[in-house]
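1. The following comprises the amino acid sequence and a computationally predicted model.
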Amino acid sequence: MNSLVSKARWLGALVAAAALLLAGAGSAGADDAPDGPVRGLPGTVVLDSPPFSEPASVAVSPDGRKAYVSVKDGVSGVKLKVVDTQSGTIAATVTLTTEYGANAGPVAVSPDGSRVYVLFGAMRLLPLSTLSAVDTATNTVVSTTLAPNQPRPDGTGDGGLSALTVSPDGSRVYVTQDGPSLWHQPTQPGARVLEFSPQQQAFTAAVTVPGRSLGSVVTRPDGAGTYVSTDEGLVHLDTSVEPPAVTGTVATPSTKAALALTPDGTRVYGVSSTGTGYTLDPATDTVTATMNLGITRAQALTSPSMSPDGTRLYIACLDYASSTGRVRILSLDTSTNTLVPAEAVTGLNFVTGLAAGPDGHTLYIVDGALKIVGI
């Protein structure tokens, strides 16, 4: 098992308490030669955020040279921190909104690295409702788009946006939206997937999917299939047609699972917070394996991220019963669907986001254990 101070492997970690921590861990067999792929810079990079800030999510550029972190900036706004992983410095800070109580959400990078997409909410008590697109060449916001109104019963509000993914050609962004809701009331049916066109800078389609609330979303490398986890199973969308069409719902052992996809698109992994999981063959839409990752009731799994070669699935395990070292990063061997204890990473306190870098040596982890939450 690797601690954060180990140098046996490379690990890059974004630490909440406004810091980017990069230490050593990674997948088995990684080449650490000086002329190898881009690695993170060991050390700590302060995100330079004021008190009450809450780093929320992280995504990494295709070449591994930039890490993008969404941050709730104190009590008044959301910013995107652009971290240069080579120098260990903040290359830019992009303001997405200055509204009071805004919430930061998930981040995604286009396959060519030219755009970063961020979900955020306008007010503290409202769900994530807005998609921003940032030009990575200039670090400027090119569009900010509010989700379209959702058909809903009287007295309910639009469901919150929960996850996003970019199509392989970068021409579409798919955003998941829960069903309509009323404060402190059960979510209503009517969850949907929104399709966003970067060229038109607008949402161009809204596809209703089975279920009330959604987990996450992934798109296959061929762009033809997109999978959304819901409270009713795994929904398959045909995204080769306009508008996208639901082709079916697969019953899965875990509903609303967090999803990860192998780089070749041949397997979809679903991981539930309670420790169960499954793999799905997209060619047949059948569950080919189930997993029990052996966590206790005081633990929860989150943020699965696939290695670039598809041999490892990294999963954050939160231990609410522990007063120190509350988080381990688990390493799952995808050839056997079993954990590799020797490759686990320890020494973290909380995780709100995890991304495996393109070099196969670096993990980027948003750790929120030391954050101060202000209302």
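-> All right, it came through fine.

2. how many other residues sit next to D63?
-> By other Cβ atoms under 10 Å, 13 other residues sit near D63. In this view, the C-beta of every residue, glycine as well, is placed from N, C-alpha and C.

3. Check the secondary structure at it for me.
-> Following DSSP: H, G, I helix; E, B strand; the rest coil, the label given to D63 is coil.

4. State the distance from it to V173.
-> Separation of D63 from V173 (Cβ to Cβ, to the nearest Å): 21 Å.

5. Give me the below-cutoff pLDDT ranges for this protein.
-> Scanning the chain for pLDDT under 70 picks out the ranges 1-53, 123-126, 325, 368-375.

6. In it, which strand is the longest?
-> strand 89-100 (DSSP state E).

7. In CSV, list the C-alpha atoms belonging to it.
-> C-alpha atoms of strand 89-100 as CSV (Å, rounded to 0.1, in the frame of the first residue of the first chain):
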residue,chain,number,x,y,z
THR,A,89,1.6,26.9,-10.5
ILE,A,90,-1.9,28.3,-11.2
ALA,A,91,-1.8,29.4,-14.9
ALA,A,92,-5.2,31.2,-14.8
THR,A,93,-8.3,31.7,-12.7
VAL,A,94,-11.5,32.0,-14.8
THR,A,95,-14.6,33.5,-13.1
LEU,A,96,-17.8,31.7,-14.2
THR,A,97,-20.2,33.6,-12.0
THR,A,98,-20.1,36.0,-9.1
GLU,A,99,-23.6,35.3,-7.8
TYR,A,100,-24.0,34.8,-4.0
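
8. now for that strand, which elements pack on it?
-> Packing contacts for strand 89-100, counted by 3 or more Cβ pairs under 8 Å, 6 or more residues apart in numbering; DSSP states H and E, involve strand 76-84, strand 115-121, strand 130-135, strand 140-146.

9. Identify whichever of the ones you listed lies nearest to L164.
-> Across these, L164 has its closest neighbour in strand 115-121 (5.9 Å, Cβ to Cβ).

10. Any chance you could give me the closest one in PDB, C-alpha atoms only?
-> Extracted as PDB, the C-alpha positions of strand 115-121 are listed here (Å, rounded to 0.1, in the frame of the first residue of the first chain):
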ATOM      1  CA  ARG A 115     -12.700  23.500 -24.400                       C
ATOM      2  CA  VAL A 116     -13.500  22.900 -20.700                       C
ATOM      3  CA  TYR A 117     -17.100  22.500 -19.600                       C
ATOM      4  CA  VAL A 118     -18.300  23.200 -16.100                       C
ATOM      5  CA  LEU A 119     -21.700  22.700 -14.400                       C
ATOM      6  CA  PHE A 120     -22.700  25.200 -11.700                       C
ATOM      7  CA  GLY A 121     -25.700  26.400  -9.800                       C
END
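
11. Could you list the paired strands of that strand along with their orientation?
-> Paired neighbours of strand 115-121 in the sheet (DSSP bridges): strand 103-109 (antiparallel), strand 130-135 (antiparallel).

12. any idea which element T274 lies in?
-> For T274, there is no enclosing helix or strand under DSSP states H and E.

13. hmm, back to that, among the strands paired with strand 115-121, which is nearest G310?
-> strand 103-109 (18.8 Å).

14. Could you figure out how far the closest one is turned away from strand 76-84?
-> Angle between the axes of strand 103-109 and strand 76-84 is 30 degrees (criterion: axes from the mean of the first three to the mean of the last three Cα atoms, to 10 degrees).

15. returning to what we had before: any idea which of the helices and strands packed on strand 89-100 is most buried?
-> Highest mean neighbour count among these (mean count of other Cβ atoms under 10 Å): strand 115-121, with a mean of 25.

16. Residues contacting it, please?
-> The contact list for strand 115-121, computed with Cβ atoms under 8 Å, 6 or more residues apart in numbering, reads 59, 68, 70, 78, 80, 96-97, 102-110, 127-136, 142, 160-164, 166, 170, 173, 175, 198.

17. gap between A298 and R326?
-> For A298, the distance to R326 equals 10 Å [Cβ to Cβ].

18. who touches both of those two?
-> Residues within reach of A298 and of R326 at once, by Cβ under 8 Å, 6+ apart, are 319-320.

19. circling back: return the members of the contacts of strand 115-121 classed as buried.
-> Neighbour counting by 16 or more other Cβ atoms under 10 Å classes 59, 68, 70, 78, 80, 96-97, 102-110, 127-134, 136, 160-164, 166, 170, 173, 175, 198 among those as buried.

20. and stretch 129-137, how far from the chain's centre?
-> Taking Cα atoms, centre = their mean, to the nearest Å, the mean C-alpha location of stretch 129-137 is offset from the chain mean by 15 Å.

21. buried ones in stretch 82-92?
-> Counting neighbours by 16+ other Cβ under 10 Å, one finds that the buried residues in stretch 82-92 are 82-83, 85, 88, 90, 92.

22. Would you mind measuring the gap between the ends of that stretch?
-> With Cα to Cα, to the nearest Å as the measure, the ends of stretch 82-92 fall 5 Å from one another.

23. what's the offset of it from the middle of its chain?
-> Counting by Cα atoms, centre = their mean, stretch 82-92 comes out at 20 Å from the chain centroid.

24. ok, now stretch 77-90?
-> Worked out by Cα atoms, centre = their mean, stretch 77-90 lies 17 Å from the chain centre.

25. and the end-to-end length of it?
-> 18 Å.

26. Begin at 53 from now on, thanks
-> Got it, first residue is 53 now, which makes that one stretch 129-142.

27. For the strands paired with strand 167-173, give me TSV that also has distance to L266.
-> Output for these, formatted as TSV (distance: least, Cβ to Cβ, whole Å):
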stretch	distance to L266
strand 155-161	12
strand 182-187	15
